[in-house]
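**Student:** fold the following, please.
(2 chains)
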Protein chains: 2
Amino acid sequence: MERPATSVDVEPPATVQGVGELATLARILPRLPRGARTDLGPGDDAAVVSAPDGRFVVTTDLMVHGPDFRLAWSTPYDLGWKAAASNLADVAAMGAVPTALVVALAVPGDTPVTDLEALADGLRDACAVMAPGCGVVGGDLSVSATMTIAVTAFGDLEGRPPVTRDGAREGDVVAVSGALGRSARGLELLFRLGVDHDGVPDRAAATALRERDPDVGWQLAPTPPIVDGPIAARAGATAMLDLSDGLALDAGRVARASGLVVDLDSSALGGDPAAALAGGEDHSLLATFPPGAALPGGFRAIGVMRAVGSGEPRVVVDGGDAGPEGGWDPYRLWSGERG
Amino acid sequence: MERPATSVDVEPPATVQGVGELATLARILPRLPRGARTDLGPGDDAAVVSAPDGRFVVTTDLMVHGPDFRLAWSTPYDLGWKAAASNLADVAAMGAVPTALVVALAVPGDTPVTDLEALADGLRDACAVMAPGCGVVGGDLSVSATMTIAVTAFGDLEGRPPVTRDGAREGDVVAVSGALGRSARGLELLFRLGVDHDGVPDRAAATALRERDPDVGWQLAPTPPIVDGPIAARAGATAMLDLSDGLALDAGRVARASGLVVDLDSSALGGDPAAALAGGEDHSLLATFPPGAALPGGFRAIGVMRAVGSGEPRVVVDGGDAGPEGGWDPYRLWSGERG
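**Tutor:** Got it, this is the predicted structure:
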């Protein structure tokens, strides 16, 4: 006989506070990928990861509830996925193959253990889709009033020099792999329509919006072209970075580091070039290649590196001023009132 | 002419919110040690660290305001020092030489930039004192209502296998390098005397207490014997871990992993064996060595590994029951009411 689903029947979910740290870890750890480069996984004071060419690439990034995500909009699975994606992109942008992640989590004591299991599943699936062979080799679990996810990611340069931001040369083709402006458009939709009548982030509104517009899901759990990082490096990319703060601002970093002008072609920036220039968080890859080189993987040409002449290193569009760079500064641009 | 120091003369300190992320980073980065193993330091998408034997050790740890520290007691310099010390100890406990740290910080927007400079100085000095040649190679800076410090540390095994917890053998000498119970005693003093009349953590009371009792400073900024980790490994240590949760609980981990009994000698545990057994956060090193081996570095014998016989793997003291293990679980043992 089927029991009717009434609220009386529903047990409150087990929380990390009720279950405790060790039992919570015991539920999370089996969900995480071991990784092909893992010599020693979680469970001791530290893990051991192989670094075949005698070096490793390392990057670290914090995601904080409020400025970086809202649980009204992101599912725990999204958070695991996005934390992996944004860090994997930094590894890929050096031309490295991601090998491992470590993940430190601080959550309120009343967080359901199932939320942490879902976050682990997001990490696992992001690695499987974007960086097969990359393991989650260690972590830490703590309590905080403010949910915080700290990911550190590692990569293998396969014997190549890292592809830094300062290597672009005059005449190089500027190319991008991945979306431009989708993530920012999704965030704008969420702030406008993923809210209740008082403008407060709202789960039901966000869920409905996500079903209608794929850019919303892209903002909450993007899939940047991680494999194209090492592919670009093997093809001779002279400079590369991941587009976390928007094309205009990030291309400016290549311009200044390389002492050149990035001249972008607006007709290559899609239907809304202004949005492509301003939008952050796509974690697409911007790279420069020697003139005449066949662009590898998913890269498409969007401009050319030019000499500075009488001006400064900067970004121009169709030879003219690109306008203000925009970009994300959490200290200047975030306030608790935005939810 | 000397100007009198009046409060009217004091400008409010520049905050991270006022100064912004990039300018704050520009003030922090020059204070950090580059490190002998750093191929590429901060400033690109990721850093590159050398791993001479083709592997690296990695550990990560979060410190959260409230459960892990209180700004009424810890100075920002202490926080940098302790974040480094606790992570370096995990690297050392594998038998590895620390090579690099990455540090992700989330702080309230009104945090003075000078606090972050002091935290960077604490990181730098901790590396210089405990792990010369270890660099701070990267990081992240974000905003949060709850100050959070995430450190990931790396080490070089110099071609040796990692010293794990499961390698102890029957008859091995159990030895420790570093303090037992000092950090817990300092914390107990702070909770009892480093508070105001309402029991709220108080800076002036803590400062006065720290001047009177060195265990208070040890709790806030401990100096575990990091160099003894690789020294123990070179001398043939069969198992090792760092004492973060107290001798009784951590020795129990070696007992269970190795399938043996850790038999501790109470006369080797100082004047207060119960405090030595229960106290956490000293980050001293517990290691086992083959019988008859000369104990290296600062290690002193405190017991012996025995066969389980008819019982379970466990810790005994003078052949008898060690009592409850104690230990720190942030979800069960911390509440915001403790300050």
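
**Student:** from here on, just use CA atoms for contacts and neighbour counts.
**Tutor:** Noted.

**Student:** and the helices in chain A?
**Tutor:** A:16-19, A:21-28, A:76-92, A:113-130, A:182-193, A:203-212, A:214-220, A:228-234, A:247-258, A:273-278, A:330-333 (DSSP state H).

**Student:** list the buried ones in the longest one?
**Tutor:** Neighbour-count burial for helix A:113-130, with 16 or more other CA atoms under 10 Å in any protein chain shown as criterion, is recorded at A:113-127, A:130.

**Student:** and the residues you listed, which is closest to chain B?
**Tutor:** residue A:113 (11.8 Å; CA to the nearest CA).

**Student:** can you tell me how far the closest one is from residue B:184?
**Tutor:** 30 Å (CA to CA, to the nearest Å).

**Student:** ok, for residue A:230, nearest residue in space, not its chain neighbours?
**Tutor:** Distances taken as CA to CA, 6 or more residues apart in numbering or on different chains put residue A:95 closest to residue A:230, at 4.2 Å, once the chain neighbours are dropped.

**Student:** my guess is the one you found meets residue A:229, correct?
**Tutor:** Yes - contact criterion CA atoms under 8 Å: residue A:95 and residue A:229 qualify, at 4.7 Å.

**Student:** can you get me a residue count around residue A:205?
**Tutor:** Per other CA atoms under 10 Å in any protein chain shown, the neighbour tally for residue A:205 reads 16.

**Student:** also residue A:186?
**Tutor:** Counted with other CA under 10 Å, residue A:186 comes out at 22.

**Student:** right, and it touches residue A:215 too?
**Tutor:** Yes - between residue A:186 and residue A:215 there is a contact under CA under 8 Å: 4.6 Å.

**Student:** can you pull out the low-pLDDT segments for chain A?
**Tutor:** A:1-10, A:321-339 (pLDDT under 70).

**Student:** walk me through the domains of it.
**Tutor:** The domain map for chain A lists A:14-156, A:173-179+A:222-327, with the assignment taken from automatic domain parsing.

**Student:** export those to JSON lines and tack on distance to residue B:205?
**Tutor:** Listed next are those as JSON lines, based on distance: least, CA to CA, whole Å:
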{"stretch": "domain A:14-156", "distance to residue B:205": "26"}
{"stretch": "domain A:173-179+A:222-327", "distance to residue B:205": "44"}
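
**Student:** looking at these, which is closest to residue B:198?
**Tutor:** Residue B:198 lies closest to domain A:14-156 among those, at 22.9 Å (CA to CA).

**Student:** and the closest one, end to end?
**Tutor:** Start-to-end, domain A:14-156 (CA to CA) is 39 Å.

**Student:** centre of the chain to it, how far?
**Tutor:** Counting by CA atoms, centre = their mean, to the nearest Å, domain A:14-156 is centred 13 Å from the centre of its parent chain.

**Student:** repeat that for stretch A:300-318.
**Tutor:** Centre-to-centre, stretch A:300-318 and its host chain are 26 Å apart (CA atoms, centre = their mean).

**Student:** that stretch: which residues count as buried?
**Tutor:** Those would be A:300-307, A:313-317, for stretch A:300-318 by 16+ other CA under 10 Å.

**Student:** out of the residues you listed, what pair is the most spread apart?
**Tutor:** A:300 and A:313 (22.8 Å).

**Student:** re earlier: which of the buried residues of stretch A:300-318 fall in strands?
**Tutor:** A:300, A:301, A:302, A:303, A:304, A:305, A:306, A:314, A:315, A:316, A:317 (DSSP state E).

**Student:** pretty sure the first one sits against residue A:177.
**Tutor:** By that I understand residue A:300. Yes - assessed by CA under 8 Å, residue A:300 is found in contact with residue A:177 at 6.5 Å.

**Student:** list the buried residues for stretch A:159-170?
**Tutor:** A:162, A:163, A:164, A:165, A:166, A:167, A:168, A:169, A:170.

**Student:** please report how far the fourth one lies from residue A:241.
**Tutor:** Using CA to CA, residue A:165 is found at 7 Å from residue A:241.

**Student:** likewise residue A:224?
**Tutor:** Distance from residue A:224 to residue A:241, by CA to CA: 12 Å.

**Student:** what's the answer for residue A:195, then?
**Tutor:** Distance from residue A:195 to residue A:241, counting by CA to CA: 33 Å.

**Student:** those two: who's more crowded?
**Tutor:** For residue A:195 versus residue A:241, neighbours defined as other CA under 10 Å are more numerous around residue A:241 (30 against 20).

**Student:** contacting residues for the spatially closest residue to the more buried one that is not a sequence neighbour?
**Tutor:** The shortest distance from residue A:241 to any non-neighbouring residue, by CA to CA, 6+ apart, is to residue A:93 (4.8 Å). Contacts for residue A:93 (CA atoms under 8 Å, 6 or more residues apart in numbering or on different chains) come out as A:163, A:229, A:230, A:240, A:241, A:242, A:285, B:45.

**Student:** repeat the analysis, applying 10 Å as the threshold.
**Tutor:** Going by CA atoms under 10 Å, 6 or more residues apart in numbering or on different chains, residue A:93 touches A:87, A:162-165, A:226-230, A:232-233, A:239-243, A:283-287, B:44-46.

**Student:** quick one: contacts for the most centrally placed residue in chain A?
**Tutor:** Closest to where the C-alpha atoms of chain A average out (CA atoms, centre = their mean) is residue A:86, at 1.8 Å. Contact analysis of residue A:86 by CA under 10 Å, 6+ apart lists A:60-61, A:63, A:151, A:153, A:221-224, A:226, A:242-244, A:281-284.
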